[in-house]
Every structure is written in structure tokens, then in C-alpha cells.
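Undergrad: structure for this input, please:
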Amino acid sequence: MKQTAYLPLAFALACLLLSGSALAHSEQHTAQYSAAVVKEQKPWGIAGDLEQVSRTIEIGMSDQMRFSPDQLEVKQGETIRFVHRNQGKLLHEFVLGTQADLDAHAAMMAKFPGMQHDEPYMAHVGPGQSGEIIWTFNRAGEFDFACLIAGHYQAGMVGKVLVVSN
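TA: This is a model prediction of the structure:
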């Protein structure tokens, strides 16, 4: 057998081995947040630092497929510590993004419901648990957040963040 015949098998094996560790979201996300965050500028901002937090906003998550509150206003340049409290019996998540990004991600989640991911603009919160993200809104505009677990987004588990210029 030629050596090149092994390449697809090696690639598939590498993807399988990496998928569990690279894509899995950690139960200890909050504790590991500072050390593991990759700061990448997004249209809706960049991962923030705990030392830079301007204020904390608590967001409830319910099995009625709603966030409370679901409308937020922040100032450009603010670093927000979001504390998410899952008051339901189902897993929920909070994902910041643009409408287009959330639509695309929701479509992927519908196709692959077991897909796991962990980004600094996401929090996965088990039933009765809490989670958090720290985010700096360094760009003005209207952005969105949603629970992208298959069916939750489609049921209206969404919200808006208005980032106003200084």
C-alpha cells in the first residue's frame, strides 16, 4: 500500500483524537477562563479581562426558552462580566454574535446537535448551574445573543445588545 493511502486515515484519526479535547467545553470554564482565553477581535468585541470589568450583568435562562433580561445596553469600551443562571432543567447556552453568525452557528447545531465548542463569547450552563463570560464591547452597534442548542434558538431564546458610542 502506498504511503499516501494512509494520509486520509491519519487525518481522520487526528481529528477524532483532537475533537474531544479541542472542541469540548469544560465544566470548569469559569475557573480556567483567565488562563485559557484566546483573544480574537470579533465584530461584537473581544474577550475581556477580569481586572477591567466595568459592571456585572446577571442573565437568567429558562426552559420557557427565554433570557431575562433579553435587551441590554452597554457603552462602547465597557467590559461586562455576564453571570448566567440556568433556572431550568435543560442545558442552555449564551452565545454573543451578529445575527448572521448566530444563524450560521444555529444551522450547524441543528445538523450536529452533539457538537461541542468553547469560545470566550459562549457560556454553557447546566440545569441549576451558573456560568460567566467577560467581554469587552469595543465596537458600537447592535449585536445579538442566543442559546444555540438545537430547538432553543428556533423557539425564540434570543436577545439583543445595543452598544452605544461614548
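Undergrad: centroid residue for this structure?
TA: M122 (1.6 Å; CA atoms, centre = their mean).
Undergrad: enumerate every residue touching it.
TA: H25, E93, F94, V95, L96, I133 (CB atoms under 8 Å, 6 or more residues apart in numbering). Backbone N, C-alpha and C define where each C-beta goes, glycine included.
Undergrad: if any of the residues you listed are buried, put those into a ChimeraX selection.
TA: Here is the ChimeraX command that selects the buried residues among the contacts of M122 (16 or more other CB atoms under 10 Å):
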select :93,94,95,96,133
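Undergrad: adding secondary structure and distance to G48, write the contacts of M122 out as CSV.
TA: Formatted as CSV, the contacts of M122 follow (DSSP: H, G, I helix; E, B strand; the rest coil; distance: CB to CB, whole Å):
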residue, secondary structure, distance to G48
H25, coil, 19
E93, strand, 19
F94, strand, 15
V95, strand, 16
L96, strand, 11
I133, strand, 8
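Undergrad: now the contacts of M122 in TSV, with pLDDT?
TA: Written out in TSV, the entries for those read as follows (pLDDT from 0 to 100):
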residue	pLDDT
H25	37
E93	94
F94	96
V95	95
L96	96
I133	95
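Undergrad: among the contacts of M122, find me the one that's closest to D144.
TA: Checking these against D144 by CB to CB gives L96 as the nearest, at 7.5 Å.
Undergrad: and the residue nearest to that closest one when sequence neighbours are not counted, what's its pLDDT?
TA: Nearest residue to L96, sequence neighbours excluded (CB to CB, 6 or more residues apart in numbering): Y121, at 4.2 Å. Note on Y121: pLDDT of 92.
Undergrad: so Y121 touches G97, yeah?
TA: Yes: Y121 is within contact range of G97, at 6.8 Å (criterion: CB atoms under 8 Å).
Undergrad: common neighbours of those two, please.
TA: Common neighbours of Y121 and G97, using CB under 8 Å, 6+ apart, are K42, W44.
Undergrad: which residues touch S62?
TA: Counting by CB under 8 Å, 6+ apart, S62 touches S68, Q87, G88.
Undergrad: likewise F82?
TA: Residues near F82 by CB under 8 Å, 6+ apart: T56, I57, E58, I59, F94, A123, E132, I133, I134, W135.
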